[in-house]
Each structure stands twice: as C-alpha cells, then as structure tokens.
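# 3D model of this:
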Amino acid sequence: MKRDVAFESEGAEMSGWYYSPDTAPPWPLVVMAHGFSATKQMVADRYAEAFREAGLAVLLYDHRGFGASAGEPRQQVNPWMQARGYRDAISFAASLEDVDPLRIAVWGDSYSSGPSLVVAALDERVAALVVQVPALGEEMPPNDSDGSLRESIEQTVRSGSVDPTAEEIHGPMPVVWDDQDRRPSALKPDTAFRWFTGYGTRSDTNWTNEVTVVRPKHPVQWYPGLCASDVSCPALFVVAPDDEMVRSSPAVARDAYERLAGPKEWVEIPGGHFGLLYYPSDTFDRASAAQSRFLTETLGSDDD
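Below you'll find the model as predicted:
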C-alpha cells in the first residue's frame, strides 16, 4: 500500500512515498508535498493515508533539500524550486503504470500552497487543486491589470533562472525558537514552536530546526495569488479564519480564491494555522474528510 520511490528534480533525487488504494486501477492520484520546512512524516503522511483510504493513489515527497530528498543548499525554502518540484512529481506520477494521467491533483499545505497554485495555473496536466491554510502572502498583491507580473512568475517556473541572488536569501535562522529577543526565528508564533518541536523532534522525521528563505525579487516578487486567474481546474481552499501566521492571511487567500477561473469551493475550519496538522484530532478529521470528498467527486472514484 506504500512504497519508497524516487524521481529527479533540478539535478537532485527526490525521496517520496507512493500510496496505492485497495481497488482496481487505473487510479486518480494526488501529488503532495509538505509545507515550509517540515517533512513528509510530519502529518502530511496522515493526509496521504486518508486519501488512499478514499480510493486515491498518492505521491508524497520531500521538497528538494529537505528531509530525505537530496539537493543543495540544504534547508532552503525557494518557491521557484518547489514549483518545479511539483511539475517533476507530476511527470513521474503520470509515468506510473497504474495511474490515470488525466486525473492528477496537486495538494499544498501552508507555504507549499503557493507553488502548487502556480503549477495548477501553468500546467494543463493538473486536474484538481487542494490548498490548506494557504500561505500566499502577508499583503494583497499589487495591481497586475496587464497580466505581466502573472506571466513573469509562470515563465520563471517554466524556464527562467531559479537561483537566488545574495540579497534574496534570508538566514540561516532557526525555523522556530522560544525566545525571539535572544534568537529570532523564521516562524515566530508560539503555536509554530509547539507544533514543530512536538512533531519535528519525533524519531525518523529528518527535520532540522534551521532554514534559509528565498524572498524573490528577480525577475519579479513571489505573488502566487496573481496566478489564480489561470487556474481553470476545480479548486478547494481550506482556510483557518483565525490563522495566526502573518503570511497566511485569510484575506489574501480570499483574494486569490476570487480570481480562480474554474469551479471552486471555500471551506473554513477554525483552529488556527496548525490546527489541521494535529493528528489525531477532530480538526484533522474535518479537514481530511472535506478534502477526500472534494477529490473523489472531482477526479472520480477508482470504479468509474
């Protein structure tokens, strides 16, 4: 039901798990990657198991430079790289013998919601999009009446330079820390500290409490929500109305949602940014049930 797999992205080997349901193929499949600096063992795997139980195949992998995946520099959150990772994961998933290449969805949590949304905008192979507690920015994106910013973002993912300049790299710094005066961290709320130290320090997670963050300036800043107008596949936004992470503004998420060109669904689940990432919990059950329903309705069951 779950086996180790690997595929290449930007010259590095990505480490993943392939989940297969207990039904006859061909199967619809969900491509999944963890948020920010987490790893695939940090509750993303629980969502994968829920989707598998709903009759979906899943490809869950660590982003380049994180967890068990290869790639240098280590622990660098680069949205351009992560978007390309999603595209390479889709290519690998489509090559799997028992997978229906016309029924592939992408799933993103927190920071990885941005790269997954951009990929859904530019890659016609994406049949559905699911994002939860999307971290699409702290402020509303700028005016883009001629679409030039949107096109620049998408073109950079397709074929532009994704290597950051020195001024675009922030850190290294801890992912979380309990004393912001003594040692500022990338994620500051106490809820982030409790979740990462609670799950990341468990055995075999491959998590490291250090990160550098790429804040793109060239050729354009990272405004993933601008690309939502090119997303024509069905999309589900699962949002915490009380989200405490500054870059996960529900208002910015709503702005992106309103731009979506295709069928869409908005689900609010209270519990803060990390509420959906505690397992077992009622909040996890609500989120995973909503997503499983959306995915099976959109992609069709394995019996179709």
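
# which residues in this protein form strands?
Along the chain, counting by DSSP state E, strands occupy 2-9, 12-19, 27-33, 57-61, 76-77, 99-109, 126-132, 169-173, 211-214, 235-239, 264-268.

# As a check, name the ranges of all helices in the protein.
Assigned by DSSP state H, the chain shows helices spanning 44-53, 79-95, 113-122, 148-159, 190-199, 250-259, 282-299.

# what would the strands of the chain look like in a markdown table with mean neighbour count?
Just so you know, the C-beta spots here come from the backbone N, C-alpha and C atoms, and that holds for glycine as well. Converted to a markdown table, those look like this (neighbours: other C-beta atoms under 10 Å):
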| stretch | mean neighbour count |
| --- | --- |
| strand 2-9 | 14 |
| strand 12-19 | 21 |
| strand 27-33 | 28 |
| strand 57-61 | 27 |
| strand 76-77 | 22 |
| strand 99-109 | 23 |
| strand 126-132 | 25 |
| strand 169-173 | 15 |
| strand 211-214 | 21 |
| strand 235-239 | 24 |
| strand 264-268 | 15 |
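
# Tell me which of those strands sits nearest to Glu154.
With distances scored as C-beta to C-beta, the stretch of these nearest to Glu154 is strand 126-132 (12.9 Å).

# What average pLDDT does the closest one get?
For strand 126-132, mean pLDDT is 98.

# Packing partners of that strand?
Counting contacts by 3 or more C-beta pairs under 8 Å, 6 or more residues apart in numbering; DSSP states H and E, strand 126-132 packs against strand 99-109, helix 113-122, strand 235-239, helix 282-299.

# returning to what we had before: most packed of the helices of the chain?
Among these, helix 113-122 has the highest mean neighbour count (mean count of other C-beta atoms under 10 Å), at a mean of 27.

# How far off centre is that helix?
Centroid separation for helix 113-122 versus its chain: 9 Å, with C-alpha atoms, centre = their mean, to the nearest Å.

# packing partners for that helix?
Using 3+ C-beta pairs under 8 Å, 6+ apart, helix 113-122 is in contact with helix 79-95, strand 99-109, strand 126-132, helix 148-159.

# can you tell me which of the ones you listed comes nearest to Pro219?
Closest among the helices and strands packed on helix 113-122, once you apply C-beta to C-beta, is helix 148-159, at 5.5 Å.

# Please give the centre-to-centre distance between that closest one and its chain.
On C-alpha atoms, centre = their mean, the centre of helix 148-159 falls 19 Å from that of its chain.

# Please put the alpha-carbon coordinates of that helix into CSV.
Below are the C-alpha coordinates for helix 148-159, written out as CSV (Å, rounded to 0.1, in the frame of the first residue of the first chain):
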residue,chain,number,x,y,z
SER,A,148,2.7,40.9,-16.9
LEU,A,149,3.5,40.0,-13.3
ARG,A,150,1.5,36.8,-13.5
GLU,A,151,3.2,35.8,-16.8
SER,A,152,6.6,36.6,-15.4
ILE,A,153,6.0,34.3,-12.4
GLU,A,154,4.8,31.5,-14.5
GLN,A,155,7.5,31.9,-17.1
THR,A,156,10.2,31.8,-14.4
VAL,A,157,8.8,28.5,-13.2
ARG,A,158,8.8,27.1,-16.7
SER,A,159,12.2,28.1,-17.8
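
# ok and it relative to helix 79-95, angle-wise?
Counting by axes from the mean of the first three to the mean of the last three C-alpha atoms, to 10 degrees, helix 148-159 points 60 degrees away from the direction of helix 79-95.

# and the angle for helix 148-159 with helix 250-259?
Inter-element angle recorded for helix 148-159 and helix 250-259: 80 degrees (by the same axes, to 10 degrees).
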